[in-house]
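> got a predicted structure here, sequence first:
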Amino acid sequence: MPLITTYTAFSVAPAADIFKLILNVETWTQWDRRLEFTKAIGHVHAGASYSLKPWLGNEITIEVLEADSSKLFFHDRATFQFGTIESERSVEKVGPFSLLTQTLRAQIDPQFLHAFSRSFWPDWAQGMIEATRALALKADLDSGTLGGGASAQVAPKADFDELITDAAGRSARVVSEGRVEKWRNKVCSVVPGSS
């Protein structure tokens with residue numbers, strides 16, 4: 001039985017700009033506070049690998065399964081003695097917004113599943129949610145669109161609701177762990193555990 005957490009954040013930054021941040025593995029520590037460092041050797045592409053070290057853990061080598069700039073999709077896998085953990089990151093343009101979705105999927109050996117699901121998974125899943133939010137915010141800040149600057153594209157609340165409904169209907173991905181927050185300072189987000 002796989003363990004899966006999916007989270008989607010909304011951004012006003014261009015989808016291609018967000019994807020460039022995903023491909024720039026060396027800078028992940030700027031938006032993922034769980035990481036002490038990351039290292040990539042050369043260009044990140046399918047078949048390549050990179051390494052990262054969580055603050056509370058050992059250095060991990062991760063294989064890139066797919067890094068497709070045309071589809072704005074990144075998929076990687078870490079293999080451990082107790083199983084595998086895969087991450088998928090995708091960006092989709094929806095009207096004037098970008099949807100940044102990260103999915104964390106663990107396939108754990110049954111003899112380790114109970115301990116893993118209770119001891120590690122909740123923190124890893126919550127960390128992925130926080131990292132997704134932070135990446136969306138970094139993209140907004142880097143693009144200059146945060147706070148309604150001259151380049152910001154802001155839709156009225158009714159248009160925003162329609163965009164979200166349309167995105168949910170068209171997307172095969174599931175937006176879980178939250179709901180869309182009301183407009184606040186022209187930035188929208190998904191809030192875990194809200195109803």
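Right, received. Where do you want to start? Numbers count the residues shown, from 1 in each chain.
> find the residue at the geometric middle of the protein.
The centroid of the chain falls nearest to Gln102 when counting by Cα atoms, centre = their mean (3.3 Å).
> after the helix or strand hosting that one comes which helix or strand?
For Gln102, the host element (DSSP states H and E) is strand 97-108. Where DSSP H and E defines the elements, the next helix or strand beyond strand 97-108 is helix 110-119.
> chain neighbours aside, what residue packs nearest to the residue nearest to the centre of the chain?
Thr132 (4.6 Å; Cβ to Cβ, 6 or more residues apart in numbering). Every C-beta, even on glycine, is put in place using the N, C-alpha and C of the backbone.
> for the strand or helix carrying that neighbour, which helices and strands make contact with it?
Taking DSSP H and E as the definition, one finds Thr132 inside helix 121-143. Contacts defined by 3 or more Cβ pairs under 8 Å, 6 or more residues apart in numbering; DSSP states H and E place helix 121-143 against strand 3-11, helix 15-23, strand 97-108.
> closest to Val44 out of the ones you listed?
helix 15-23 (5.3 Å; Cβ to Cβ).
> for Ala16, grab the count of nearby residues.
With neighbours defined by other Cβ atoms under 10 Å, the count for Ala16 comes to 12.
> you'd agree it is up against Leu72?
Yes. Using Cβ atoms under 8 Å, Ala16 is in contact with Leu72, at 7.2 Å.
> overlap in contacts of these two?
Shared contacts of Ala16 and Leu72 (Cβ atoms under 8 Å, 6 or more residues apart in numbering): Val91.
> doesn't Asp32 lie inside a helix?
No. Applying DSSP: H, G, I helix; E, B strand; the rest coil, one finds Asp32 to be coil, outside a helix.
> thinking again about what came up before, which parts of the helix holding Thr132 are buried?
For helix 121-143, a neighbour-count test (16 or more other Cβ atoms under 10 Å) marks 121, 124-125, 127-133, 135-140, 143 as buried.
> list of residues touching it?
3, 5, 7-14, 17-18, 21-22, 30-34, 85, 87, 98, 100-102, 104, 106, 146, 151, 177, 187, 189, 192.
> could I get the average pLDDT for the strand holding Gln102?
On average, the pLDDT along strand 97-108 is 94.
> now for that strand, which elements pack on it?
The contact analysis (3+ Cβ pairs under 8 Å, 6+ apart) places strand 97-108 against strand 3-11, helix 15-23, strand 83-94, helix 110-119, helix 121-143, helix 157-170.
> how far is it from where the chain is centred?
Strand 97-108 sits 5 Å away from the centroid of its parent chain (Cα atoms, centre = their mean, to the nearest Å).
> and the angle from it to strand 3-11?
170 degrees (axes from the mean of the first three to the mean of the last three Cα atoms, to 10 degrees).
> in its sheet, what does strand 97-108 sit against?
Partners of strand 97-108 in the sheet, by DSSP bridges, are strand 3-11 (antiparallel), strand 83-94 (antiparallel).
> pull out the buried positions in the last one.
Within strand 83-94, the residues scored as buried using 16+ other Cβ under 10 Å are 83, 85-92, 94.
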